[in-house]
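*Asks:* here you go, sequence then predicted model.
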Amino acid sequence: MLSRVAETIYWIGRFQERAENTARLIKVNTNLTLDLPQGIIPYWDPLISILGCEELYAERHPERTERRIVNFLISDETNPSSILASLANARENARTIRDILPREGWEVINATYHHALENKGDSYSRAGRQIYLDQIMESLQHSTGLLAGAMNHDMAYDFLNLGRKLERADMTTRIIDVRSDFNPPEDMPKLRPFEDMVWMSILKSLSAYQMYRQSMQIRINRQGVTKFLFCDGLFPRSVAYCVNFMEYYLKRLPKPDNCKCGLHLEKLHDLLDKPLRKELDNKALHNYIDKVQQQLAKLHNNITTSYFPQV
């Protein structure tokens with residue numbers, strides 16, 4: 001396989017996963033703002049932090065309102081982290097390698113982008129936004145399932161899923177990091193029940209609520225949710241699950257002598273094997289998440305230098 005083709009299909013997986021996770025985050029955040037007492041925290045600001053586009057947003061928008069932030073994250077194609085930009089990039093990459101993908105796979109990727117573009121006005125209202133985001137998520141899940149069932153599970157498929165799992169692990173850590181900032185003041189004990197509601201929103205944003213109940217069999221709380229989403233080896237959106245499958249796909253690929261992917265996988269396993277044995281405060285949790293994200297970034301860099309063309 002040409003390294004250019006491998007890189008293209010790797011980024012299809014990443015862009016599709018990025019679009020789906022952004023849709024999940026906005027959808028659940030919309031529901032959460034209706035449940036929490038008004039004015040507890042600025043619940044739309046953290047979404048900009050999750051996707052690392054604070055500077056870009058500040059350059060273009062003087063105010064941080066729900067409407068501006070949601071439009072920036074959904075329909076602004078000049079924002080590389082928006083849903084439409086991610087779908088556009090996935091579509092363009094798929095267009096250039098149409099002979100590698102099943103025809104039905106290309107058609108779904110193409111249709112998903114055009115539907116999102118043509119109906120972006122539906123996302124301007126809260127009611128329309130929920131339906132719009134549900135349709136995008138369903139289309140992306142359809143694409144994932146179709147490719148799994150109709151594409152040869154060869155090297156191209158390995159690169160597709162390698163990109164998908166790395167992006168998913170990264171987005172899971174970002175969602176936990178920003179949402180974990182909720183700390184009700186000590187002099188306002190009536191707000192304490194809302195802390196668990198925030199952790200419930202994290203589970204729901206990752207479609208993890210029922211599986212958490214099934215696996216952990218404890219009430220929803222900070223320590224239980226973080227342990228489940230980082231360390232559970234059976235839930236498909238946990239960091240540990242994604243790391244295990246990245247290791248599986250990398251073992252199936254050729255191994256250049258300069259590839260150090262195994263080193264970073266070992267460090268990720270070490271981080272995931274021994275953390276969260278006690279409840280971490282916000283600072284400790286942020287530091288832990290930073291270490292995981294740094295290893296994921298290093299893993300991506302090694303994949304890039306080992307398998308993709310260098311400009």
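*Replies:* Received, thanks.
*Asks:* what is the neighbour count of M137?
*Replies:* Counted by other Cβ atoms under 10 Å, the residues lying close to M137 total 17. For the C-beta atoms, the positions are set from N, CA and C on the backbone; glycine is no exception.
*Asks:* kindly report the same for S207.
*Replies:* 15.
*Asks:* again with D134
*Replies:* Number of residues near D134 (other Cβ under 10 Å) recorded here: 12.
*Asks:* the helix or strand containing E138: how far from the chain's middle?
*Replies:* Element membership of E138 [criterion: DSSP states H and E] is helix 126-150. Relative to its parent chain, helix 126-150 has a centroid offset of 14 Å by Cα atoms, centre = their mean, to the nearest Å.
*Asks:* again with stretch 7-23
*Replies:* On Cα atoms, centre = their mean, the centre of stretch 7-23 falls 9 Å from that of its chain.
*Asks:* tell me the buried residues in that stretch?
*Replies:* 7-23 (16 or more other Cβ atoms under 10 Å).
*Asks:* now that stretch: mean pLDDT?
*Replies:* Averaging pLDDT along stretch 7-23 yields 96.
*Asks:* sorry, back to before: give me the contact list for the helix holding E138.
*Replies:* Helix 126-150 is contacted by residues 16, 19-20, 23-24, 26-27, 30, 70, 74, 83, 87, 101-102, 104-105, 108-109, 111-112, 115-116, 119-123, 157, 160, 164 when judged by Cβ atoms under 8 Å, 6 or more residues apart in numbering.
*Asks:* one more: stretch 264-271?
*Replies:* Under Cβ under 8 Å, 6+ apart, the answer for stretch 264-271 is 239, 243, 246-247, 250, 288, 291-292, 295-296, 298-299, 302.
*Asks:* low-confidence ranges, this structure, go.
*Replies:* Counting by pLDDT under 70, the chain has low-confidence residues at 35-43, 179-194, 256-259, 275-279, 311.
*Asks:* quick one: the helices in it, in order.
*Replies:* Using DSSP state H, the helices of the chain run over 3-35, 45-50, 54-60, 66-74, 83-96, 103-118, 126-150, 155-179, 192-205, 209-216, 222-231, 239-251, 261-273, 282-307.
*Asks:* looking at the ones you listed, which is buried most?
*Replies:* Of all those, helix 155-179 carries the top mean neighbour count, a mean of 23, counting by mean count of other Cβ atoms under 10 Å.
*Asks:* rebuild the contacts of stretch 264-271 as CSV, extending it with distance to Q310.
*Replies:* What follows is those, written out as CSV (distance: Cβ to Cβ, whole Å):
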residue, distance to Q310
V239, 29
V243, 26
M246, 22
E247, 24
L250, 19
Y288, 33
K291, 28
V292, 27
Q295, 22
L296, 21
K298, 17
L299, 17
N302, 13
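*Asks:* and the residues you listed, which is closest to G52?
*Replies:* L296 (13.3 Å; Cβ to Cβ).
*Asks:* end to end, how far does stretch 233-246 reach?
*Replies:* Stretch 233-246 has its terminal residues 13 Å apart, counting by Cα to Cα, to the nearest Å.
*Asks:* distance check, A111 against N93.
*Replies:* From A111 across to N93, the span is 16 Å (Cβ to Cβ, to the nearest Å).
*Asks:* apologies, that question was intended for R219.
*Replies:* R219 is 43 Å from N93, by Cβ to Cβ.
*Asks:* and for T226?
*Replies:* 34 Å.
*Asks:* cool, S201 as well?
*Replies:* Where N93 is concerned, S201 sits at a distance of 32 Å (Cβ to Cβ).
*Asks:* then I218?
*Replies:* Distance from I218 to N93, by Cβ to Cβ: 42 Å.
*Asks:* give me the neighbour count for the closest residue to S3 other than its chain neighbours.
*Replies:* Using Cβ to Cβ, 6 or more residues apart in numbering and skipping the chain neighbours, the partner closest in space to S3 is P309 (4.8 Å). A count of nearby residues for P309, using other Cβ under 10 Å, gives 10.
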